[in-house]
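Undergrad: sharing a model prediction with you, sequence too.
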Amino acid sequence: MSNIVKERSEIIFLYDVKDINPNGDPADENKPRMDEDTRTNIVTDVRLKRTVRDYIYNFKNKEIFVRKISDKDGNIQDAKARGKDFQNNPDTILNECIDVRLFGGTIPIATGKSKDSSIIYTGPVQFKMGRSLNKIELKYLKGSGAFASGEGKEAKTFREEWVVPYSIISFYGIINENAAKDTKLTQEDVNLLIEGIWNGTKNLISRSKVGQMPRLLIKIDYLENNYHIGDLDKLFVISSDLSEEQLRDISDFKIDISKLVNVLVKNRDKIAMVTYIVDDRTKFILNNIELKFEEILRNNNIQSKEFKV
């Protein structure tokens, strides 16, 4: 493969959810994941990676290694069986499976006398847990189902669920140029990652996931190897006349990016490019003045371009 990623990048992704469960916790009645101390909503990096994988496989027709495959008897394929689909050849898996090039993985192989050998690839793309910028209060819903509770009975079953009334969630990730050499991650792969994060979120159509909208995605490419700013997800502040728990729509608040811009300006000589996607309904303020995102970058001489999806 050509065009292997050679520079460090950081990714910030903001999206919002309304009246759904963005990521249930199976250890807690599948309630939306919460940090009880801060009253913030949590979404795992595994959930975001699943969104990307599903989009790339279902909409872009690219092969992925981690996907649910059943045999004729309905048994789910395990990792060893999946490895056999590629003759247990790590090079074949890397060449054919974009998710391994992006996120890494443990690849089972059969070598010599050992039947349990494996190769571990560290993923060049890693995300922290996603956290909401606003505090939330969970809402409990109870409704009747479509079917009777038993054969010959008239009483319907009841559906119970916990949902998040509104949450704007921030994900932070890094693309590591050193690990990219091992998995042969290309710039084309990264472009599909960005597209998958944005369009994949919009295309989540299961009952528990419909109602999610991407609002802002930023990728910052650096000139220096082994350098990145870090903690960029902590530089966003919600500005609203409502309390954080009262927010119900993206129109209820503006996002103050003054801290983010100050940091980018300070590191301007180390940044090669800031690539971004912005939802039209998302409003930003800089030093108490509302401006379009692209205006803010341009006015501060930050090299930038819009990513087309």
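TA: All right, it came through fine.

Undergrad: tell me who's in contact with the nearest residue to residue 240 once chain neighbours are set aside.
TA: Using Cβ to Cβ, 6 or more residues apart in numbering and skipping the chain neighbours, the partner closest in space to residue 240 is residue 253 (3.6 Å). Placement of C-beta: from N, CA and C, glycine included. Going by Cβ atoms under 8 Å, 6 or more residues apart in numbering, residue 253 touches 238, 239, 240, 242, 247, 283.

Undergrad: one more time with 10 Å
TA: Neighbouring residues of residue 253 by Cβ atoms under 10 Å, 6 or more residues apart in numbering: 133-134, 166, 168, 237-242, 244, 246-247, 282-283, 285.

Undergrad: what's the answer for residue 231, then?
TA: 10, 128, 172, 263.

Undergrad: from residue 215, how far off is the third one?
TA: Note on residue 172: its distance to residue 215, by Cβ to Cβ, to the nearest Å, is 15 Å.

Undergrad: and for the first one?
TA: With distances taken as Cβ to Cβ, residue 10 is found 18 Å from residue 215.

Undergrad: look at residue 106 and say how many residues are nearby.
TA: Neighbours of residue 106 under the rule other Cβ atoms under 10 Å: 11.

Undergrad: wait, is it part of a helix?
TA: No. If the criterion is DSSP: H, G, I helix; E, B strand; the rest coil, then residue 106 is strand and not within a helix.

Undergrad: identify each buried residue in stretch 204-220, please.
TA: Residues 204, 209, 211, 212, 213, 214, 215, 216, 217, 218, 219, 220 are the ones in stretch 204-220 that count as buried (16 or more other Cβ atoms under 10 Å).

Undergrad: for stretch 130-139, same thing?
TA: Those would be 130, 131, 132, 133, 134, 135, 136, for stretch 130-139 by 16+ other Cβ under 10 Å.

Undergrad: could I get those as a markdown table with pLDDT, distance to residue 187 and secondary structure?
TA: As requested, these are exported to a markdown table (pLDDT from 0 to 100; distance: Cβ to Cβ, whole Å; DSSP: H, G, I helix; E, B strand; the rest coil):
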| residue | pLDDT | distance to residue 187 | secondary structure |
| --- | --- | --- | --- |
| 130 | 98 | 25 | strand |
| 131 | 98 | 29 | strand |
| 132 | 98 | 31 | strand |
| 133 | 98 | 30 | strand |
| 134 | 98 | 35 | strand |
| 135 | 98 | 38 | strand |
| 136 | 96 | 37 | coil |
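
Undergrad: pLDDT below threshold where in the stretch 201-309 of the chain?
TA: 206-209 (pLDDT under 70).

Undergrad: just give me the neighbour total for residue 141.
TA: 10.

Undergrad: looking at this, it is in a helix?
TA: No. Counting by three-state DSSP, one finds residue 141 to be strand, located in no helix.

Undergrad: so who does it touch?
TA: 19, 159, 160, 161, 162, 163.

Undergrad: in strands, which of these fall?
TA: 19, 159, 160, 161, 162, 163 (DSSP state E).

Undergrad: poorly predicted segments of the stretch 51-200 of the chain, please.
TA: Within the stretch 51-200 of the chain, the stretches with pLDDT under 70 are 70-74, 76-79, 81, 83, 85, 87, 110-116, 143-158.

Undergrad: next, residue 42: secondary structure please.
TA: strand.

Undergrad: quick one on the thing from earlier: narrow the contacts of residue 253 to those in helices?
TA: Using DSSP state H, no member of the contacts of residue 253 falls within helices.

Undergrad: now those residues: which count as buried?
TA: Buried among these (16+ other Cβ under 10 Å): 133, 134, 166, 168, 238, 244, 247, 282, 285.

Undergrad: so the second one versus residue 309, what's the distance?
TA: Using Cβ to Cβ, residue 134 is found at 26 Å from residue 309.

Undergrad: check the first one too.
TA: According to Cβ to Cβ, residue 133 stands 23 Å off from residue 309.

Undergrad: again with residue 63
TA: Separation of residue 63 from residue 309 (Cβ to Cβ): 21 Å.

Undergrad: now residue 10
TA: When distance is defined by Cβ to Cβ, residue 10 is 19 Å away from residue 309.

Undergrad: go on, residue 163?
TA: Distance from residue 163 to residue 309, by Cβ to Cβ: 28 Å.

Undergrad: same check, this time on residue 80
TA: 36 Å.

Undergrad: cool, and residue 119?
TA: According to Cβ to Cβ, residue 119 and residue 309 sit 33 Å apart.

Undergrad: check residue 128 too.
TA: Taking Cβ to Cβ, one finds residue 128 at 23 Å from residue 309.

Undergrad: helices of the stretch 151-300 of the chain, residue ranges please.
TA: Along the stretch 151-300 of the chain, the stretches classed as helices by DSSP state H, counting those that start in this stretch are 177-183, 187-202, 258-266, 293-299.
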